[in-house]
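K.L.:
A predicted structure for the sequence below; I have some questions about it.
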Amino acid sequence: MTRARTTPRRRASGLGLARAAAAATVVALTLLAPAAPASADDVTWSLAPGDGGLGAGRANFVYAVEPGQVVDDVLVVTNPTASPLDLAVYATDALTTPEGHLDLLPAAQAPTDLGAWIETSASAVHVEAGARVEVPFTLRVPADAAPGDHAAGIVTSLAATSGDGALTVDRRLALRVHARVAGDLTPALTVTGVDVVAHGTPRPLGAVAATVTYTLTNTGNTRLVPTESVTVRGPGGSGARSVSGDLDEVLPGSSVRRTVEVTGVRPLGRATAAVRVDGVAVGGAGATTAAGSATTWAVPWATVTLVVLVIVAAASAPGLLARLRRRGRVTPDGRVEPGAAHR
C-alpha cells in the first residue's frame, strides 16, 4: 500500500509526484501506485482511470491529441474504509523540481498549461464507506496549443484542521495526465553551469574525490529520460575516472541541478570535468545530446608537502653533519661517537 503525503501547513502546498520510469508508457505517482490505496493516519482512498472507450486497466491518463480536440474521461475514487470521505477534486500543472522529482504546482497557484485545459465535473466529491464514485472530466485542447508534451495531475485532497484550528493538514492523492499535441517534436537538452571541485587527501600519492555540479534543462517540447556521463581527467586526458547512470524523466521547460561525486581522481595539477547527457524522448519521439566542461586546480598538497620536507632535510643534512663534526660527534668515516665532545 502506498501512503499519501501528509503536509502540515497554514496555506495550501504542492503535491509530490513519483520519479518517472525510463519507458515509453507513463508511470503512476509516488503517492499512488496503480489502483493502490493511499493513506494518511486512518484515512485511506485510491484513484484509478475509469475503463471505457479510451482503455481498460490504465495506470493513469495518456492522450495523443490535436489542437482544438475535446476528450471526455473518468476518474474513479474508491473509499475502502468504514467512514465516508469528502474530497476536493481539481487539476493542475506538473513540473520537474530542481532536485529531479516530478511534482505539481502548489494548490494556491493557478495552472497555465495542461492543468488549465482540464475541467472536472465537480470540485468536490462525497464517497460513502466501502463505495466508489466516478468523477467525469473534460480535456479541451486549445486551438493554438503548442505541439509536444504537456503534463498535469488530477488531484484529490482531504483537508483537516488541528485542534486549535491554526494548522491545516492536506492529505492528497493524484493521477498523472499526459497529453501529446500533434505537430513537430523537437527533443533538446542543454548542460550549463558546469563546475568541478577537487578535494584534498592527507595521503601522499593518494587519489581524491571530485565534485561536479551542473544544470540540465529540457529546452525541447518532449518528455526526456536522460542518461548522464561525468568524467574527470588530468592533463592530456591522464587518469580519467567516470561515473554514469540513468536520471529520472525531465519535463519540457524544467531544469535539474545535478551534483555528481567522482572518486579515484589523481591530483595531477589540473583536472577537467566533462559532462555528457543523452536524452531519449518518451514514446520514441527521437533523442538529443548535450555536453559541457569545466577545469580546476587539483594540486597533490600532501605529496608536495612531503617532497618539500625531503628537500629541506636533504639541504640541511650537510650543514648538520659539519656541525656535529666540529663538536667531535662524527668520525671521519661518518660514525657518531656519543659523548665525543666531552673527552
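P.N.:
Cool, the structure landed.
K.L.:
what residues sit buried inside stretch 86-102?
P.N.:
87-96, 100-102 (16 or more other CB atoms under 10 Å). Any C-beta I mention is one placed from the backbone N, CA and C, and that applies to glycine too.
K.L.:
which pair in these has the greatest spatial separation?
P.N.:
Largest separation among the buried residues of stretch 86-102 by CB to CB: L87 and G100, giving 29.3 Å.
K.L.:
picking that back up, secondary structure, pLDDT and distance to S293 for the buried residues of stretch 86-102 - can I get that in TSV?
P.N.:
Formatted as TSV, the buried residues of stretch 86-102 follow (DSSP: H, G, I helix; E, B strand; the rest coil; pLDDT from 0 to 100; distance: CB to CB, whole Å):
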residue	secondary structure	pLDDT	distance to S293
L87	strand	96	50
A88	strand	96	48
V89	strand	97	48
Y90	strand	97	44
A91	strand	98	42
T92	strand	97	38
D93	strand	97	34
A94	strand	97	32
L95	strand	96	28
T96	strand	97	24
G100	coil	95	21
H101	coil	95	27
L102	strand	93	29
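K.L.:
of these, which is the nearest to T219?
P.N.:
Of all the buried residues of stretch 86-102, T96 has the smallest distance to T219: 12.9 Å, by CB to CB.
K.L.:
so who does that closest one touch?
P.N.:
Neighbouring residues of T96 by CB atoms under 8 Å, 6 or more residues apart in numbering: 102-103, 218, 248-251, 254-256.
K.L.:
how near is it to D149?
P.N.:
For T96, the distance to D149 equals 12 Å [CB to CB, to the nearest Å].
K.L.:
next, show the common contact partners of these two.
P.N.:
Shared contacts of T96 and D149, defined by CB under 8 Å, 6+ apart, comprise L251.
K.L.:
compute the distance between the residue nearest to the spatial centre of the chain and V250, please.
P.N.:
Of all residues in the chain, the one closest to the mean position by CA atoms, centre = their mean is G100, 2.2 Å from it. In this view, G100 and V250 are 7 Å apart by CB to CB.
K.L.:
list residues touching both of these two?
P.N.:
In contact with both G100 and V250: V256, using CB under 8 Å, 6+ apart.
K.L.:
what stretches of the stretch 201-343 of the chain score poorly on pLDDT?
P.N.:
201-206, 268, 298-310, 312-317, 319-343 (pLDDT under 70).
K.L.:
just how off-centre is stretch 110-128 within its chain?
P.N.:
28 Å (CA atoms, centre = their mean, to the nearest Å).
K.L.:
can I get the buried residues of stretch 86-102 in JSON lines with distance to T112?
P.N.:
Listed next are the buried residues of stretch 86-102 as JSON lines, based on distance: CB to CB, whole Å:
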{"residue": "L87", "distance to T112": "24"}
{"residue": "A88", "distance to T112": "20"}
{"residue": "V89", "distance to T112": "19"}
{"residue": "Y90", "distance to T112": "14"}
{"residue": "A91", "distance to T112": "12"}
{"residue": "T92", "distance to T112": "10"}
{"residue": "D93", "distance to T112": "7"}
{"residue": "A94", "distance to T112": "12"}
{"residue": "L95", "distance to T112": "11"}
{"residue": "T96", "distance to T112": "16"}
{"residue": "G100", "distance to T112": "22"}
{"residue": "H101", "distance to T112": "21"}
{"residue": "L102", "distance to T112": "18"}
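K.L.:
nearest to S229 among these?
P.N.:
For the buried residues of stretch 86-102, the residue nearest S229 by CB to CB is G100; the value is 16.4 Å.
K.L.:
any idea how many residues pack against the closest residue to that closest one other than its chain neighbours?
P.N.:
Using CB to CB, 6 or more residues apart in numbering and skipping the chain neighbours, the partner closest in space to G100 is V256 (4.5 Å). Counted by other CB atoms under 10 Å, the residues lying close to V256 total 20.
K.L.:
my guess is V256 contacts E228. True?
P.N.:
No: V256 sits out of contact with E228 when judged by CB atoms under 8 Å, with a separation of 10.0 Å.
K.L.:
overlap of the contact sets of the two?
P.N.:
Shared contacts of V256 and E228, counting by CB under 8 Å, 6+ apart, come down to 216, 247.
K.L.:
thinking again about what came up before, specify which member of the buried residues of stretch 86-102 is nearest to D113.
P.N.:
Distances from D113 to the buried residues of stretch 86-102, taken by CB to CB, are shortest for D93, at 4.9 Å.
K.L.:
what are the structural domain limits within this structure?
P.N.:
In the domain annotation for the chain, the residue ranges read 6-181, 189-299, 302-342 (automatic domain parsing).
K.L.:
I154 sits in which helix or strand?
P.N.:
Element membership for I154, per DSSP states H and E: strand 148-161.
K.L.:
next secondary structure after that strand?
P.N.:
strand 168-181.
K.L.:
in its sheet, which strands sit next to the next helix-or-strand element following that next one, and in what direction?
P.N.:
Once the chain leaves strand 168-181, the next helix or strand it forms, by DSSP H and E, is strand 189-198. The pairing partners recorded for strand 189-198 under DSSP bridges are strand 208-218 (antiparallel).
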